[in-house]
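> Sequence first, then the predicted structure, then my questions.
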Amino acid sequence: MVESIVSTGLAIGCIYALIGITYNVMFSASRVFSFTAGVLGMLGGVLGALFIARLGIPLVVGFLLVLAAGAIFGVITEIVAVRPVLKSLDQHLYVLSTLALALMVQQFTAIEWGTEARPFPRLFDIARGGFDQQFWLPMLACIVVIAGLELLYRRTLVGHAFLAIAEDTFAARALGLPERSLRMASFALAGVIGALAGFAGGEMLLAFFGNAPLLTFYGFVPVALGGMGNNRGAVVAGLLLGLFQQTANFLVGGIFASVAVFTVFIIVLLARPEGLAGASAQRRV
Amino acid sequence: MSMTRRQALLSAGAAVAATSIAKPAIAAKDPIQVGYLPALTGPSSSTGIGINRGIQLAVKEINDAGGIDGRQIELITRDTQSDPTKAVNGAAELTHGQKVSVVFGPVNSGESLAVVPLLARTNTPQVHPCWVDALADPQKYPMCFRNGPTNQQIGAAANRYVVDVLKRKKVAVISDTTGYGTASVNAYVPMLKAKGADVVYQGNVDAANPDLKPELLRMQSAGAEAIMPWSVNAGFLSRIINTRGQMGWDVPIVGQTTLGSGQTKDLLEKLEYWAKVYPNNFRNVCYAPGGKLPERTVDFLGRVKSAKIDMGDTLLWWIALGYDSPRLIAQAMTAVGTEPKQVVGYLNKLKGFPGVYGNISFTPEQHNGYPDDEIVMVEANSLKDGAFNLAPGYSA
């Protein structure tokens, strides 16, 4: 039982964490919570199955195509659902615009791909075992993303520019940083991370259009618990969420497992509204 | 030659009279319009596409044989696109715009739930095959007839197989959290208990839950001797089958028809995990022990093959159901004409209509026409030409 809780819990936790990071990367660049993050995860699984299993494209090429599709969808999200509502952020119109785009893509996927879950290809020809590739692939993807983002944000000029935009958009623009281009690049990056989450977790979640709302909701929990815009917090909260959810599956089971997860989520937010790792927002007076 | 006003009026009157006398003769040769509401596109269209192949074959055969009293059947088709709203629009157009004599469909319960009350208000005879229990009620919908089984019959057949044929008394019943899943569990568990079974596990689980091992371990530790899943979600069902296989647990899985679908098969980690999985099906379209289909079905299969109807991506019972439905309507109209009340009166007394899908009977008090004993369980891994082998324990 413990082995199953740890392997499945950590794997699913890593997928939630990656979706949480997807939310955060988009949020940092635009102050917008784009509810297309779960759709990106769903597309990673569906497109992976489409390219590799159905069209027979080689694994590496198929993988790169999935990431490219994620980046393109990220950019489309920025242009279609985010940019038009940036001027009225205080009205939270982005909730409607990003949700509408997410629902459109989800329904389109249901019509074109089908409403049934379909198999995701086994990426490596290794015999199934206890610690299977369906468990370690999401973990590997999570480690690669965390390390990559750390390198990007700390060691590269573009990364510093991303941070500058995230910190203060107006000041960054005053310094001559190309705010719009950087924002689009951030959404493309978020698209890559979201699609990677779905691709790495494809064997576990299957290629299923219904994964979009699941990932949208469970991917948001690490963001809220870990602190908005805080990637490290999202990773820790995502892993804890996965472990707790799997433990609840074993201990209480059925729909009560979901109830347990959201009960704890609400209690934590009541106790620490800024999230476990978030800092209280300072208001300028 | 001049014509007086009286002569002119008489001539006009004669012309009108001649026209009106000729009209019934022409009307008798007009096609009989039958409304048809299939889901040919959209997420629930696989069933509709299969049924449509049978419908088209039957209508062609009836028309080629001279139609009904010399009148051809004209199917007025409105694709519901698997959407209840579009089904309602289609039904309204068929009854108000086209004024069809009778409607067949919709073929999915979600659409029928919206359409059946509407057609009842327009006094249009309706035949549909949908399974939701409430969709045939002679008190509320006196012109609506069901030529398929009800959910109660489907559950009862599975329960009979587990308790009476397999002799398993400790049963685990699981479903997803959809309306269909939870309603099925709520309905079937009391039926199982009434048959003397001990329901040692009962649960509703989110269909997207990637790991069902905790649930199966709970079933195993409760001593379950059979698993009965109720869901139409192939992902959910395949996870149950895969987890049972990974655990090396030799317990039969008995339940919904989707257990035997191609989508479920595609999601299995190993094909051998599909052994001892028994979904619902229908006796007339199943291979009996010895590998034979009933004579009526063999004859039908021959006609399906002659008509070059594709069987590779569908199920025999879907085509058979589609084939039977226009023939049922045609039999009624041949006997009593196309007047709605006459058609309903005939159907109310229908006894043993010899369908390929099943023998259909109605009474004024019972509009559920499918017989209990023709609902059976089959071996999921035995699909051949759209049909399955009867599950072990059934006689020929």
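Cool, the structure landed.

> Does the residue in chain B positioned nearest to chain A lie in a helix or a strand, and which?
For chain B and chain A, the shortest gap (C-beta to the nearest C-beta) falls at B:G235, measuring 2.9 Å. Quick note: C-beta positions are derived from backbone N, CA and C, even for glycine. Using DSSP states H and E, B:G235 falls within helix B:234-247.

> name the helices or strands packed onto the helix or strand just after that helix?
Heading C-terminal from helix B:234-247, the first helix or strand you meet, by DSSP H and E, is strand B:253-255. Counting contacts by 3 or more C-beta pairs under 8 Å, 6 or more residues apart in numbering or on different chains; DSSP states H and E, strand B:253-255 packs against strand B:226-230, helix B:234-247, strand B:277-282.

> Give me the below-cutoff pLDDT ranges for the chain.
In the absence of a named chain, this looks at chain A. A:276-285 (pLDDT under 70).

> please go with chain B instead
Low-confidence segments of chain B, defined by pLDDT under 70: B:1-28, B:43, B:396.

> show me the contacts for the residue positioned nearest the centre of chain B.
Centroid-nearest residue in chain B, with C-alpha atoms, centre = their mean: B:P129, separated by 3.5 Å. Counting by C-beta atoms under 8 Å, 6 or more residues apart in numbering or on different chains, B:P129 touches B:51, B:107, B:146-148, B:321, B:325.

> rerun that using 6 Å as the cut-off
Listed by C-beta atoms under 6 Å, 6 or more residues apart in numbering or on different chains, the contact set of B:P129 reads B:147-148, B:321.

> who in chain B is up against chain A?
B:43, B:177, B:203-205, B:208, B:210-211, B:213-215, B:218, B:234-235, B:263, B:266-267 (C-beta under 6 Å from any C-beta of the partner chain).

> Narrow those residues to those that are buried.
Neighbour-count burial (16 or more other C-beta atoms under 10 Å in any protein chain shown) applied to the residues of chain B next to chain A gives B:43, B:177, B:203-205, B:208, B:210-211, B:213-215, B:218, B:234-235, B:263, B:267.

> what two of these are the furthest from one another?
B:P43 and B:R218 (31.7 Å; C-beta to C-beta).

> neighbours around B:L268, how many?
By other C-beta atoms under 10 Å in any protein chain shown, 19 other residues sit near B:L268.

> Could you measure from it over to B:M191?
Distance, B:L268 to B:M191, using C-beta to C-beta, to the nearest Å: 29 Å.

> Test my guess that A:V82 contacts A:V32.
Yes - with contacts counted by C-beta atoms under 6 Å, A:V82 reaches A:V32, the gap being 5.2 Å.

> Pull up the residues of chain A that are close to chain B.
Checking chain A against chain B by C-beta under 6 Å from any C-beta, the hits are A:4, A:8, A:110, A:115-117, A:119, A:204-206, A:208, A:210, A:214, A:249-250, A:253-255.

> Next SSE downstream of the longest helix along chain A?
When chain A is parsed with DSSP state H, its longest helix is helix A:2-30. Using DSSP H and E, the next helix or strand after helix A:2-30 towards the C-terminus is helix A:37-48.

> How far does the very next helix or strand once past that next one sit from its chain's centre?
Reading on from helix A:37-48 to the C-terminus, the next helix or strand found by DSSP H and E is helix A:59-77. In terms of C-alpha atoms, centre = their mean, to the nearest Å, the centre of helix A:59-77 is found 14 Å from the chain centre.

> residues in contact with B:K351?
B:S361.

> so B:P31 makes contact with B:Q72?
Yes - the pair B:P31 and B:Q72 qualifies as a contact (C-beta under 6 Å) at a distance of 4.5 Å.

> which residue sits closest to the residue of chain B closest to chain A, ignoring its sequence neighbours?
Spatial nearest neighbour of B:G235, excluding adjacent residues (C-beta to C-beta, 6 or more residues apart in numbering or on different chains): A:A117 at 2.9 Å.

> how about the helices of the chain, start to end?
If you meant another chain, say so; for now it's chain A. Under DSSP H, chain A gives helices at A:2-30, A:37-48, A:59-77, A:93-113, A:133-155, A:157-167, A:169-174, A:179-200, A:202-205, A:211-226, A:231-251, A:254-271.

> other chain: chain B
For chain B, the helices defined by DSSP H occupy B:5-27, B:45-64, B:84-92, B:109-121, B:151-160, B:179-194, B:213-221, B:234-247, B:262-266, B:295-306, B:316-336, B:340-347.

> Now stretch B:377-390: buried residues?
Using 16+ other C-beta under 10 Å as the test for burial, stretch B:377-390 gives B:377-383, B:386-390.

> Most widely separated two among those?
B:M377 and B:G386 (17.2 Å).

> Show the backbone phi and psi for the residue of the stretch 1-150 of chain A found nearest chain B.
Residue nearest to chain B within the stretch 1-150 of chain A (C-beta to the nearest C-beta): A:A117, separated by 2.9 Å. Main-chain dihedrals, A:A117, degrees, to the nearest 10: phi -70, psi 140.

> Repeat that for the one 4 residues further on.
In terms of degrees, to the nearest 10, the main-chain angles of A:P121 are phi -60, psi 150.

> Look at it and say how many residues are nearby.
The number of residues packed near A:P121 is 16, by other C-beta under 10 Å.

> got it, and A:G194?
A:G194 is flanked by 35 other residues according to other C-beta under 10 Å.

> Apart from its chain neighbours, what residue comes closest to it?
That would be A:L40: by C-beta to C-beta, 6+ apart, it lies 2.7 Å from A:G194.

> Please apply the same query to B:E93.
B:R78 (6.4 Å).

> Does that neighbour touch B:G90 like I think?
Yes - using C-beta under 6 Å, B:R78 is in contact with B:G90, at 3.1 Å.

> any residues in contact with both of those two?
Jointly contacting B:R78 and B:G90 under the rule C-beta under 6 Å, 6+ apart are B:L37.

> neighbour count winner among the two?
Taking neighbours as other C-beta under 10 Å, B:R78 and B:G90 compare with B:G90 leading, 26 against 22.

> For burial, what's the neighbour tally of the residue nearest to A:Q133 when sequence neighbours are not counted?
Closest residue to A:Q133 apart from its sequence neighbours, by C-beta to C-beta, 6+ apart: A:F124 at 5.6 Å. Neighbours of A:F124 under the rule other C-beta under 10 Å: 7.

> Quick check: end-to-end length of stretch B:371-391?
19 Å (C-alpha to C-alpha, to the nearest Å).

> Work out the gap between it and the centre of the chain.
With C-alpha atoms, centre = their mean, you get 15 Å for stretch B:371-391.
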